[in-house]
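Student: Let's see this in three dimensions:
(one chain, ligands or ions: 1)
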Amino acid sequence: MNDVMLDKMTGGDKTAITRPEHVAIIMDGNGRWATQRGLPRSVGHKAGVEALRRTIRAACESGVGYLTVFGFSSENWKRPDEEVSQLMSLLRRFIRRDLAELHRQNVRIKVVGGRDGLEPNILALLSEAEELTGQNSGLNFVVAFNYGGRDEIARAAARMARAVAAGELTPGEVNEDVVAGFLDTAGIPDPDLVIRTSGEQRLSNFLTWQCAYSEMLFLDVYWPDFSDSHFQAALEAYGRRDRRFGGLEPVSAVQG
Ligand code: FPP
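Tutor: Numbers count the residues shown, from 1 in each chain. Just a heads-up that it's a prediction; the model follows:
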């Protein structure tokens with residue numbers, strides 16, 4: 001069971017709500033946020049980085065174990081070259097500027113997604129972030145970068161096929177746990193809660209395998225406006241959900 005109990009004081013009444021162990025976020029709406037203000041889309045992405053910083057702090061403070069964010073999808077290469085290069089620069093700047101502070105906050109960084117096609121300087125920064133913070137014991141911050149759920153499953157299938165060809169695995173041994181162990185997210189619990197901002201209501205190839213039983217929360221707020229109070233409200237909304245995982249009894253319910 002991924003949930004841990006969070007005691008919450010409300011109006012003098014002590015109510016324990018279940019807290020998600022793993023929150024995953026599709027940070028959508030940077031472009032529309034900027035366009036609404038007559039600004040270039042790049043300004044929206046920069047504001048999106050600020051929202052990301054706030055959210056990492058909120059996740060650290062709330063005691064969530066894992067925060068995964070969709071930073072760049074394997075389909076985002078279809079955007080104009082200028083926007084792709086702005087997003088790459090933002091990631092570079094984010095790691096260069098924030099890595100020391102994240103390390104100080106005991107955050108452990110992990111990057112999931114394909115590494116092929118990424119520039120050497122980005123690859124080096126991603127490795128540096130993972131190596132520097134690899135022994136930290138606070139928030140696990142997972143960045144899905146150059147990530148697509150189907151691509152991840154296809155790469156895992158190729159690795160499994162190689163393991164079978166090498167005699168390290170037999171087809172009869174392949175089960176859900178084995179497949180999960182070949183994914184980029186091996187060792188990371190499935191998301192309990194997926195939040196998507198901007199009002200769009202779809203998964204867009206995000207953690208396709210892992211979200212089979214995740215609770216979904218779609219918020220009508222553009223990502224740059226996502227605040228600590230949205231994050232807290234999302235945790236509370238999660239605490240009110242009944243999760244049955246295909247059974248009849250809720251396995252993670254509000255405890256009075
Ligand atoms: C969706 O908004 C957002 C993205 C494609 C990228 C998210 C990136 C960031 C928040 C900043 C950088 C990330 C990291 C990990 C440092 P959109 O552009 O699709 O907005 P729209 O749907 O309104 O056009």
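
Student: what about V164, distance to L91?
Tutor: Using C-beta to C-beta, to the nearest Å, we find V164 at a distance of 35 Å from L91. Where C-beta positions appear, they are placed from N, C-alpha and C, glycine not excepted.

Student: More neighbours: which of those two?
Tutor: Neighbour count, other C-beta atoms under 10 Å: between V164 and L91, L91 has more, with 21 against 14.

Student: Check the secondary structure at that one for me.
Tutor: helix (DSSP: H, G, I helix; E, B strand; the rest coil).

Student: residue boundaries of the strands in the protein?
Tutor: Secondary structure of the chain by DSSP state E: the strands cover 4-10, 13-19, 22-26, 66-73, 108-112, 140-147, 193-196, 215-218.

Student: Out of these, which is closest to the ligand?
Tutor: strand 66-73 (3.0 Å; C-beta to the nearest ligand atom).

Student: May I see the buried residues of that closest one?
Tutor: Neighbour counts over strand 66-73 (16 or more other C-beta atoms under 10 Å) mark Y66, L67, T68, V69, F70, G71, F72, S73 as buried.

Student: Specify the beta-bridge partners of the first one.
Tutor: Think Y66. Beta-bridge partners for Y66, by DSSP bridges, are H22, N140.

Student: related to what we said a few turns ago, flag whichever of the strands of the chain has the least confidence on average.
Tutor: Mean pLDDT is lowest for strand 4-10 out of those, coming in at a mean of 37.

Student: Could you list the low-pLDDT ranges of the stretch 51-200 of the chain?
Tutor: For the stretch 51-200 of the chain, no stretch is flagged by pLDDT under 70.

Student: Quick check: residues of the stretch 1-150 of the chain near the ligand?
Tutor: 27-32, 45, 48-49, 52, 69, 71, 76, 90-91, 94, 143 (C-beta under 6 Å from any ligand atom).

Student: could you redo the last one with a cut-off of 8 Å?
Tutor: Contact residues (C-beta under 8 Å from any ligand atom) of the stretch 1-150 of the chain with the ligand: 26-35, 41, 44-46, 48-49, 51-52, 69-73, 76, 79, 83, 87, 90-91, 94-95, 143, 145.

Student: Tell me where the stretch 101-250 of the chain has helices.
Tutor: 120-133, 149-165, 176-182, 228-239 (DSSP state H, counting those that start in this stretch).
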